[in-house]
Every structure is written in structure tokens, then in C-alpha cells.
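In: from the sequence below, what's the structure:
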Amino acid sequence: MRVVSEQQLAAELARLPGTQPRLVASGNFAAPRTLLALADAALESYRLFMLNAQPPLPERDGVIYESPFVGPGMRQGASRLDYLPMRLSLVPQLFARSRPPDAVLLHTSTVQSGKVSLGVEVNVLIAAIEQTRARGGLVVAQLNPQMPYTLGDSEIDVDLIDVAIEAEQDLPSPQPRGAGGTAAEIGQRVANLVSDGATLQLGIGMIPDATLHALRDRRGLGVWSEMFSDGVLALEQSGCMDPARPLVTSFLFGSDELYRWADRNPRIRMTRTEVSNDPGMIARQSMMTSINTALQIDLFAQANASMVKGAIYSGFGGQTDFIVGAMHAWRGQAVIALPSWHEKSGTSTVVPLLSGPVTSFQHSSLVTEQGCADIFGRSQRAQARLITDIAHPAVRDDLRAAAEQLGLA
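Out: Numbering: from 1, shown residues only. Modelled structure (predicted):
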């Protein structure tokens, strides 16, 4: 690894091959802002691959966004978005088969004993590094003293990095979200399904956060998850977690306290996506409990967590990976939880039949503030009745009528 100036790095980036090189960058709340700005200035046209990218991003003609999980940064530039519908566990295969990276822009810790840490974002980056090096591409690091040094697959030898710059950058945190009202009620209903000793995976959003808050009287819990945030730290501090089991995850985001806790913490094992999101590995976890949310569910127990009014909102992410793995685990379960009513649009989130792509299906339970539908092993007609019962009261009669037309009554 050569530590260079910003001017020297810009020259390296300008020499990338092709008219539209593909750059894979750390995503979520770990975007390497200095590297992104340098790349944008050095390249007339390029493809930028990030997961759950947060704003701001380079926004101009010549920049094409690529992602299988769209964050608000790319959502704002939808006209330039090349959405890739796939499970997160398959992204390493994407790099190997059809969309190889020309460069990887990493946001890392500073060097310690010949290594750096990818810190709060491992995810698909190891696969991107491997594919980039295999084809002679450029691996770049932004060395940031504020990035926590996490352990596991996040540690990489400096020999895997071609060039680096030293650039300090604050790590952003998501806006705090209150867990009151409907989210708290749903979180409590979901928590009622979780037993002592369960292994948890929770997605992103107010309802997963509220569920964690409602689990503080449980004991012996474990975590095998794509990501986690401050809710897991709170459970750890409350004595809810099994101290003999590492907390396995692929990326983190949250408060400064979470980042400080993660620094050199042997309790936290950061893993590459091929491990964290492997359904076979997930299925080996005792009492694996997958808790995710959705935008809509229908009477066939299908969930849409990807699209709004025909436009991509996020993507499959790891939801399908964890639902499949959890449902094959010993005493495993897969829960989809959502409000029964979308306040902004004034519409029901329970619909007769999804009009767009299905993100996931064959869950064990669907939960709203109206109740819990335990649907695994039920007939289609029984599922439809149970799902109607957890819909908002204003639409239940319409759903029963629709069920008759769909042959579900």
C-alpha cells in the first residue's frame, strides 16, 4: 500500500480503463466522502456501486448508480439508477460473473500492525476487493482515524490495498426515531414471539428497533444478522445477550456510542456477506428468528418490501436470505411486521393481491398493531382469514369480498 496525496490519487483514478469504469464503494453510513469526491472530479463518466447509499452522492450526467439495495442517496437520482434485483447473498456472484469492479473505494481505519479494518461496513466489500485484484484493478483506501477497528473479516492486510490517502471524516449516524405509538405496539407483539435463547436478525426501521426495545426482559439471546444498531447495544448492556456467543453481523450503523463500543470489541464478529447471509449458515443458528418489515402484504401472505407505486424504493436486501434460513432452523421463525395503515397515503398496507414484484413469501407470522397472524402450515383460505383479521378495520369487509373473488373464501 502506498500512501499518496489527493493529487496523486486523482491521477491514478483518471487512468482507470474504459469509458465508464465501475467503482464499488463502502455504503450505508460508511461512504468514503473524500474518495468519492476525488473520483467524481477525475472521471468524466463512471458507474458507482453502493449499498443503501446515503446522500449526498455525485449527481450529474455521466454518473450511473448501480445497486441491489437502493438507499435515499440513489433514490433521489432515480433517472440515473440501474437497479439490480437480487438477494444480497448473490452480489459476490454478480461481481464474479457479469459486473466486475474496476476499482474499490474503501473507508477504513488507520494502519495497525500491518492491517486496516473495514470498520462498520464489510458487507460485499471483500468480494469486490478479490474480484478487482484478480483483474488488475485498483483498490483504494481512505484511512480515517475515526473509523472503529472492528474484528473478523473486516481486518485486511495492507498488501491488498494499492493506494491510500489519509483523510479524517466524521461517521454519520441515522436520525433517531421514536418507538412510540403504533411502532411500539407492533414491536411488543413481535417481542411476544421471541423466547429466551433465540438468535435474532432484525432489519432496518422503527419496528425492528421497537422490537429490540421490547426484548429487555429476555435472556441468553444471540445475534446472527446482516446488520445491527443501537438496539443490540442496549440489550447487551441490559444483560440480555448470551456472553458465550459472538454478535455476528456484516455492517453496523448507529450512534457514536455504538461506534466506540465496536472498536476492538471481541464480542462483535464482522463477517463478509457470503457468511452472514448464507441461508445454510443462518439455518444452523438455534431458534433463528428473522424479523423484518414490509411496505405491503397481501392475502396470499406475500410481502412487498421493495417498490412504491411502481418505483424502486429499496430492494430485496437480505430479507429473503434470512427468511429462508430462519424457516429451516431448529425452532426458527420468520416474521414480517408492519403498520396496518399507511398514514401519509391514507391507504391500507394489507391488499388483496400485490400489484408489483414480491420480495418474500412463506413467513411464519405476519404482525400489525391489530394482531398477529400465525400463518405457517395454514391453508390458503385460512391464511387469508387470519391476514384479514390483522388488517385495519376500515378495509376488512373489502378484503373479505376480494378474498371471495380470488377463491380464498
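In: now do the strands in the stretch 251-400 of the chain.
Out: Along the stretch 251-400 of the chain, counting by DSSP state E, counting those that start in this stretch, strands occupy 251-252, 268-270, 288-293, 296-298, 303-304, 307-308, 311-312, 333-337, 341-342, 347-348, 350-351, 365-368, 371-374.
In: make CSV out of these and add mean neighbour count, distance to Pro148 and mean pLDDT.
Out: Any C-beta I mention is one placed from the backbone N, CA and C, and that applies to glycine too. What follows is the strands of the stretch 251-400 of the chain, written out as CSV (neighbours: other Cβ atoms under 10 Å; distance: least, Cβ to Cβ, whole Å; pLDDT from 0 to 100):
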stretch, mean neighbour count, distance to Pro148, mean pLDDT
strand 251-252, 30, 8, 96
strand 268-270, 24, 9, 98
strand 288-293, 27, 26, 96
strand 296-298, 25, 37, 98
strand 303-304, 23, 34, 96
strand 307-308, 18, 34, 90
strand 311-312, 16, 32, 90
strand 333-337, 27, 30, 97
strand 341-342, 18, 37, 94
strand 347-348, 16, 41, 96
strand 350-351, 22, 41, 98
strand 365-368, 24, 34, 98
strand 371-374, 19, 37, 98
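In: Serialize the ones you listed to TSV and add fields for distance to Val190.
Out: As requested, the strands of the stretch 251-400 of the chain are exported to TSV (distance: least, Cβ to Cβ, whole Å):
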stretch	distance to Val190
strand 251-252	22
strand 268-270	24
strand 288-293	6
strand 296-298	14
strand 303-304	15
strand 307-308	23
strand 311-312	26
strand 333-337	5
strand 341-342	18
strand 347-348	20
strand 350-351	17
strand 365-368	5
strand 371-374	8
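In: those strands: which one's closest to Pro92?
Out: Judged by Cβ to Cβ, the one of these that comes nearest to Pro92 is strand 251-252, at 14.9 Å.
In: which neighbouring elements make contact with that closest one?
Out: Packed against strand 251-252 by the contact rule (3 or more Cβ pairs under 8 Å, 6 or more residues apart in numbering; DSSP states H and E) you find strand 227-228, helix 256-262.
In: compare the strands of the stretch 251-400 of the chain and give me the one nearest Leu143.
Out: That would be strand 268-270 among these, by Cβ to Cβ, at 17.9 Å.
In: and for the closest one, what's in contact with it?
Out: 118, 122, 150-154, 246-252, 262 (Cβ atoms under 8 Å, 6 or more residues apart in numbering).
In: what about 10 Å?
Out: With contact meaning Cβ atoms under 10 Å, 6 or more residues apart in numbering, strand 268-270 is reached by 117-123, 148, 150-155, 223-224, 228, 232-233, 236, 245-252, 261-262, 275-276.
In: among these, which lie within helices?
Out: Members of the contacts of strand 268-270 lying in helices (criterion: DSSP state H): 232-233, 236, 261-262, 275-276.
In: tell me what Val351 is bridged to.
Out: Applying DSSP bridges to Val351 gives these bridge partners: Asp298.
In: surely it touches Ile297?
Out: Yes. With contacts defined as Cβ atoms under 10 Å, Val351 counts as touching Ile297 at a distance of 7.6 Å.
In: give me the common contacts of these two.
Out: Joint contacts of Val351 and Ile297 (Cβ under 10 Å, 6+ apart) are 304, 391.
In: before we move on, the earlier item: please pick the buried ones from the contacts of strand 268-270.
Out: 117-123, 148, 150-155, 223-224, 228, 232-233, 236, 245-252, 261-262, 275-276 (16 or more other Cβ atoms under 10 Å).
In: where does the prediction get shaky in the stretch 101-250 of the chain?
Out: Counting by pLDDT under 70, the stretch 101-250 of the chain shows low-confidence ranges at 176-180.
In: regarding Gln142, what is its secondary structure?
Out: For Gln142, the assignment made with DSSP: H, G, I helix; E, B strand; the rest coil gives strand.
In: give me the nearest residue to it, chain neighbours excluded.
Out: The spatial neighbour of Gln142 that comes closest, neighbours along the chain excluded (Cβ to Cβ, 6 or more residues apart in numbering), is Pro32 at 4.0 Å.
In: quick one: that neighbour from Gln131, how far?
Out: 19 Å (Cβ to Cβ, to the nearest Å).
In: which one of these two has more residues nearby?
Out: Shown here are Pro32 and Gln131; by other Cβ atoms under 10 Å, Pro32 has more neighbours (25 against 21).
In: now for the more buried one: which residues touch it?
Out: Pro32 touches 25-26, 38-39, 105-108, 121, 140-144, 147, 165, 167, 169, counting by Cβ under 10 Å, 6+ apart.
In: residues contacting the nearest residue to Thr271 once chain neighbours are set aside?
Out: Computed as Cβ to Cβ, 6+ apart, the closest residue to Thr271 that is not its neighbour in sequence is Asp153, at 5.0 Å. When contacts are counted by Cβ under 10 Å, 6+ apart, Asp153 is found next to 117-118, 122-123, 125-126, 250, 269-276.
In: repeat that for 8 Å
Out: Neighbouring residues of Asp153 by Cβ under 8 Å, 6+ apart: 118, 122, 126, 270-272, 275.
In: about what we covered before: buried ones from the contacts of Pro32, can you make that a ChimeraX selection?
Out: Restricted to buried positions by 16+ other Cβ under 10 Å, the ChimeraX selection for the contacts of Pro32 reads:
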select :25,26,38,39,105,106,107,108,121,140,141,142,143,144,147,165,167,169
